[in-house]
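Student: give me coordinates for this.
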Amino acid sequence: MLEVEMETEIPEGFAEVVVVRHGETSWNASRILQGHLDPELNEVGRQQARAVANRLSKEPKFAAIYSSDLKRAAETAQNIANHCDLKEVIFLKNLRERNLGDLQGLTLADAQKEKPNAYKALNSQKRDQEIPGGGESLDQLNKRCISSLQKIATQHKGERVVVISHGGFIREIHRKAAPNKKLEGKLQNTAVSVILIPAANNKRWYIKKWGDVNHLEGISMLQGAFGGDKMSG
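Tutor: Okay, here's the model as predicted:
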C-alpha cells in the first residue's frame, strides 16, 4: 500500500507537506540530464504549472511555500503562490535536484560515450557512489532531502505547506516514508504528493497521496522523457 488513509485534519504533532515536482522543460523533452543546470519551463511546462496552481488554489490554505531556486521549480512555485494568495516564495538551494556532476547537460547516449565513468556511477547500485565531476551520491541526496524537509516540518507543526522540487529529490521522500516499498515508474511533471512529517525528528513519515496528476487532464505529459525516475531531472 503506497498511501495511507488519514483524517482530513492534520494529526497532532505533524505538518502536512504538499510536494510538487516542477513543470516540463525543453531538456525533459529532449532527454537531457539536468541536475543543477538551470533550463526554464517550456510552454507545456507553463501550462502544467498553471494547472497545478489552479488545483491547489481550491484546497485548504497553505501557511507557506518553499521551492528549489532552479528556474524550472521557481516558475512553477510562483504560479502556485499567485493562485494561492501566498505573498512570498521561500527559495532554498537544499531543495535542488541531485547534482549529476559530469553528466549534466548530456543526453544518456552522449553520457555513455563521453563520460563513461560518470555514466557507470549513475547506474551503480551502491547508494554511496558519488558521480565524478562533483556529483552527489544517492545517500548524500537523501540526507539533504530529509534534513531540509524535517526543518520545514518543525517550523510548521500543525500547518499545511507546499514544496516545489525535482524528481530525484522527491523520490528520496518515498524512500524515507515507505522504506520497504519499491517505487516503480516515473513521477510526472507537476505530480502532487502529500506527506505527513512529524515535527519531532526520528519519527515515522506517512504518505497520504503519491504522484497524483489529475489536474493534467487534457495537457501533454511526457511518458518517455527524462526526469522523475532514477535518472533524476
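Student: what are the boundaries of the helices in the chain?
Tutor: Using DSSP state H, the helices of the chain run over 26-30, 43-57, 71-83, 108-114, 116-122, 138-155, 167-177.
Student: to K208, which of these lies closest?
Tutor: helix 167-177 (9.8 Å; CB to CB). Quick note: C-beta positions are derived from backbone N, CA and C, even for glycine.
Student: average pLDDT across that closest one?
Tutor: Averaged across helix 167-177, the pLDDT comes to 97.
Student: then stretch 73-83?
Tutor: On average, stretch 73-83 scores 98.
Student: chain center to it: distance?
Tutor: 14 Å (CA atoms, centre = their mean, to the nearest Å).
Student: so which bits of that stretch are buried?
Tutor: A73, A74, E75, T76, A77, Q78, N79, I80, A81, H83 (16 or more other CB atoms under 10 Å).
Student: do stretch 152-162 as well
Tutor: For stretch 152-162, using 16+ other CB under 10 Å, the buried residues are I152, A153, H156, E159, R160, V161, V162.
Student: run a quick neighbour tally on L183.
Tutor: Neighbour count for L183, taken as other CB atoms under 10 Å: 18.
Student: same check, this time on K181
Tutor: If we define neighbours as other CB under 10 Å, then K181 has 12 of them.
Student: export the buried residues of stretch 152-162 to CSV and tack on pLDDT and distance to A199?
Tutor: Converted to CSV, these look like this (pLDDT from 0 to 100; distance: CB to CB, whole Å):
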residue, pLDDT, distance to A199
I152, 98, 10
A153, 98, 6
H156, 98, 8
E159, 98, 10
R160, 98, 13
V161, 98, 12
V162, 98, 17
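Student: and these, which is closest to L108?
Tutor: Out of these, the member with the shortest distance to L108 (by CB to CB) is V162, at 31.2 Å.
Student: my guess is the closest one contacts V18. True?
Tutor: Yes: contact criterion CB atoms under 8 Å: V162 and V18 qualify, at 4.5 Å.
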